[in-house]
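Colleague: Pasting the sequence and the predicted model now:
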Amino acid sequence: MKNPELLAYKIDPETWGKKMIASGIREKQWDLMVEEIGPEIYSFPLFTKEMCDMLIDEAESAGKWTKARHEFYPTTDILLDDINLKEMYDYVLNTYAHPIARHIWKLEGSKWNKELVSEDFIARYKDNEQHSLDIHHDFADYTFTVGLNKEFEGGGTYFPRQGVLGNPKSGYCTLFPSVTHRHGGRPTTKGTRYIIVSFVRRGT
């Protein structure tokens, strides 16, 4: 692993959190930090720039990009499992992100607390490669999309039914319910856009 600091939460989670997780979210101030940018579409800061840069660097250094994992709406992406970051990201989701979804939608019961599963991957959109993604539904109960950089033009996640364009950058996360919110990726017209996507489902 090129950036072993990404796994330092196992040794000292408090110090790691101060370095990697956005202030406010780190203190779990949900009502202060979470903004509704459209009908049932929420935005909040999640990662510091340092965390974002390490994640991009780790993905590009590994070079394990694929283009055919999803049958109908394939993205150029890399599973966090394939670069040994799945356990770390599960920690982030369980500690900081899932509690926000539970708080917003009043989700109760064990299947919303301890039995969630997620498919987590870094997707890459480039002006001279795959630059967009057609309108689709995610196979999930809800989805997190975290922007990792801002050095690009265009892009963003468009929700046609809600008439909303979300374009999280530099550590900001977008949360939305998957069944009711069809969406697609608008073309990245200049540079490279990196995002982490998590398809979250209740366990069976």
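Modeller: Arrived safely, thanks for sending. Numbering: from 1, shown residues only.
Colleague: gap between the helix or strand of the chain with the lowest mean pLDDT and the chain center?
Modeller: Ranked by mean pLDDT, DSSP states H and E, the weakest helix or strand in the chain is helix 110-113, scoring a mean of 88. Here the centre of helix 110-113 is set off from its chain's centre by 20 Å, with Cα atoms, centre = their mean, to the nearest Å.
Colleague: Do you have the strands of the protein handy? List them.
Modeller: 35-38, 41-45, 77-79, 116-126, 133-136, 142-147, 152-154, 157-159, 164-166, 172-177, 183-185, 188-202 (DSSP state E).
Colleague: Give me the helices and strands touching the fifth one, please.
Modeller: In this case it means strand 133-136. strand 183-185 (3 or more Cβ pairs under 8 Å, 6 or more residues apart in numbering; DSSP states H and E). In short, each C-beta sits where N, CA and C put it, glycine included.
Colleague: Strand partners (parallel or antiparallel) of the strand it packs on?
Modeller: strand 133-136 (antiparallel), strand 157-159 (antiparallel) (DSSP bridges).
Colleague: what is the orientation angle of the longest helix along the chain with strand 172-177?
Modeller: Secondary structure of the chain per DSSP state H: the longest helix is helix 49-62. Counting by axes from the mean of the first three to the mean of the last three Cα atoms, to 10 degrees, helix 49-62 lies at 80 degrees to strand 172-177.
Colleague: and helix 49-62 with strand 188-202, angle?
Modeller: Using the same axes, to 10 degrees: helix 49-62 against strand 188-202 is 100 degrees.
Colleague: low-confidence ranges in the chain?
Modeller: Counting by pLDDT under 70, the chain contains low-confidence residues at 71-72, 204.
Colleague: out of the strands paired with strand 183-185, deepest packed?
Modeller: Most buried of these, by mean neighbour count (mean count of other Cβ atoms under 10 Å): strand 157-159, with a mean of 21.
Colleague: re the thing from before, may I see the buried residues of the longest helix of the chain?
Modeller: 51-56, 58-59, 62 (16 or more other Cβ atoms under 10 Å).
Colleague: Stretch 134-151 too?
Modeller: Buried residues in stretch 134-151, counting neighbours by 16+ other Cβ under 10 Å, are found at 138, 140-150.
Colleague: any idea how far Ile135 is from the residue nearest to Ile122 when sequence neighbours are not counted?
Modeller: Nearest non-adjacent residue to Ile122, counting by Cβ to Cβ, 6 or more residues apart in numbering: Ala59, 4.8 Å away. Relative to Ile135, Ala59 is positioned 26 Å away (criterion: Cβ to Cβ, to the nearest Å).
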